[in-house]
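Chemist: For reference, the sequence and a predicted model appear below.
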Amino acid sequence: MTRSPSSKPPVIVWLRQDLRLGDQPALAAAVETGHPVLPVYVLDEGDHALSPGGASRWWLHHSLAALARDLERRGGTLVLRRGREPGRVIEALAREIGAVGVHWGRRYDAGEVAVDKAVKARLADAGITAKSFNTSLLFEPWTTLNKSGRPYQVFTQFWRTCRSGSEPSAPLPAPARVPAPAELPASDRLADWALLPTRPDWAKDFHQVWQPGEVGAAAQLDRFLDGALRGYRAERDRPDRDGTSRLSPHLRFGEISPRQTWHALHHHLATARQPPDADAETFLAELAWREFSYSLLYYNAELARAPLKPQFAHFPWRPDEAALRAWQQGRTGYPIVDAGMRQLWATGWMHNRVRMITASFLIKHLLQPWQAGERWFWDTLVDADPANNAASWQWVAGSGADAVPYFRIFNPVLQGRKFDPNGAYVRRWVPELAALDGDAIHEPWKSDHFQSGKVGAYPPPIIELAAARDRALAAFASLNGREAAEP
DNA sequence: TGAAATGTTGGGGCG
DNA sequence: ACGCCCCAACATTTC
């Protein structure tokens, strides 16, 4: 085996949302060619809706740092470039180094699909072969259509069809070596991208919770399979416990593939001589919701902006900057809501049950447009995903596919009692209320401590629940009949 | 992957 | 002993 740098022209692997070496078809195919391989990440400096939010930029920094280290161990080098049009940057780089080909993992937002298509065409004109791969999904959107050839609007039907097809193929191993070209092109320094917050450093505690990168992702998957998987179906709804997989940011950045996750789960069950049970099925369904969201994104270019149900264009929202800010800052006076919003700010993540409660509260009790919540989550979640985030907000609003019925309004007091029965979750994130116990913690305004000011500066409820519920029902009822009336 | 309003039932207190 | 009423507890309907 020769280890001397090859003088053959290189293949560029353009990494975007698949920052890993294992089960990376674009990379594996590049190594397979026998040419040197140049992995490249291009920071998108364009000003558009999919620019990563603050929390995602924190994650991206550490994920890229980890990827660069992992590549170096295999003889490879990650090249960093930036520009307002990443596709153009790749084209220029390909010409600069005389690349024979460019590989990338496919994306599914309509704008991104168009960009990739144009890049492929221009590269072809320049005599460079561009190849795209599925690096992110179990089932690509065009493979799961109903009998009339249209995308599913109902999750259970979508999922049934996915499962009736062939199983996802086995994940690819990481290449033992990623042979670098003899001459490396110039690269930006990651630190110069200023992806990390400085003043104030709101991400200072993120490292206590997260280990971005492929190694951290694999470790988290193992921890989940050995731990929270058992009992997942019930425990995943308990924000006071560690009952979820916490894989979402790793999947978001492609540090682990859904295919690796799928197969690791089945391998785990087989090793334990255990048939897939309700816990495993529930977890697989969560992976499937991600697939469903990507299908919705692919077929609905405006998923993050416009309601899928057109009558929602007439919804009587009551935009209110003060209400939105109180929600963002975790100062609504409803403990489970405020705990969630503060967990989000402190860790870049929020428990899924609490995401539903906080989103329902913003949309239904405060009548703020769901897009405002979508944007806040986009900026603050380390797992902010173009498909999941948009689809989930529309799901809660009732304007999306397979959405909740308009009358399903979470009562934050009852949800708190049911899913945080001892108040441990609230106590952790809303320390002002730590002195209150059990049931009282979810209705602090009724407590003597509250009346006497012992709970510090915790605010009174921003809105009265019963009145807000009636107002929401009236607002949603005003849409009835709209659909038929649409031209 | 709701909650509230309304309806039904049955045990027990009490005259 | 009997019927009336109250009201949990549970079920059903409605939003």
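Modeler: Noted; the coordinates are in hand.

Chemist: neighbours of A:L465, just the number please.
Modeler: Using other C-beta atoms under 10 Å, A:L465 has 16 neighbouring residues. To be clear about C-beta, it is placed using only N, CA and C from the backbone, and glycine gets the same treatment.

Chemist: Could you give the average pLDDT over the helix or strand harbouring A:L27?
Modeler: With elements delineated by DSSP states H and E, A:L27 resides in helix A:25-32, which encompasses its position. In this model, helix A:25-32 has an average pLDDT of 98.

Chemist: Show me what it is packed against.
Modeler: With contacts defined as 3 or more C-beta pairs under 8 Å, 6 or more residues apart in numbering; DSSP states H and E, helix A:25-32 has these neighbours: strand A:11-15, strand A:37-44, strand A:101-105, strand A:129-133.

Chemist: and A:E286, how far is that from A:E112?
Modeler: Distance check for A:E286 against A:E112: by C-beta to C-beta, to the nearest Å, it reads 24 Å.

Chemist: These two: which is more packed in?
Modeler: It is A:E112, of A:E286 and A:E112, that has more neighbours when counted by other C-beta under 10 Å, with 20 against 15.

Chemist: Find the closest residue to DNA strand B in the stretch 251-400 of chain A.
Modeler: Among the residues of the stretch 251-400 of chain A, A:W289 lies closest to DNA strand B, at 5.5 Å counting by C-beta to the nearest atom of the strand.

Chemist: Pretty sure that residue sits against A:F158.
Modeler: No. Counting by C-beta atoms under 8 Å, A:W289 sits too far from A:F158 to count as a contact (9.4 Å).

Chemist: which ones are touching A:A66?
Modeler: If you count contacts by C-beta atoms under 8 Å, 6 or more residues apart in numbering, A:A66 has them with A:L19, A:P212, A:G213, A:E214, A:V215, A:G216, A:E255.

Chemist: To clarify, my last question referred to A:F283.
Modeler: Counting by C-beta under 8 Å, 6+ apart, A:F283 touches A:L229, A:Y232, A:S245, A:L265.

Chemist: Would you mind giving the secondary structure of the third one?
Modeler: Under the three-state scheme (DSSP: H, G, I helix; E, B strand; the rest coil), the conformation of A:S245 reads as coil.

Chemist: what number of residues lie near it?
Modeler: When neighbours are defined as other C-beta under 10 Å, A:S245 has 22 of them.

Chemist: List the contacts of it.
Modeler: For A:S245, the contacting residues are A:Q220, A:L221, A:F224, A:A228, A:L229, A:Y232, A:F283, A:E286, taking C-beta under 8 Å, 6+ apart as the criterion.

Chemist: which of those residues tops the neighbour count?
Modeler: Using other C-beta under 10 Å as the neighbour definition, the contacts of A:S245 reach their maximum at A:F283, which records 24 neighbours.

Chemist: thinking again about what came up before, so A:W289 and A:F158 - more neighbours on which side?
Modeler: With other C-beta under 10 Å as the criterion, A:W289 and A:F158 differ in neighbour count, and A:F158 comes out ahead with 24 against 19.

Chemist: Tell me the secondary structure of that one, please.
Modeler: Three states are possible here, and by three-state DSSP the one that applies to A:F158 is helix.

Chemist: in terms of contact, does it touch A:T144 like I think?
Modeler: Yes. Taking contact to mean C-beta under 8 Å, the distance of 6.1 Å between A:F158 and A:T144 places them in contact.

Chemist: Mutual contacts of these two, please.
Modeler: Common neighbours of A:F158 and A:T144 are listed as A:Y152, A:E291, A:S295 (criterion: C-beta under 8 Å, 6+ apart).
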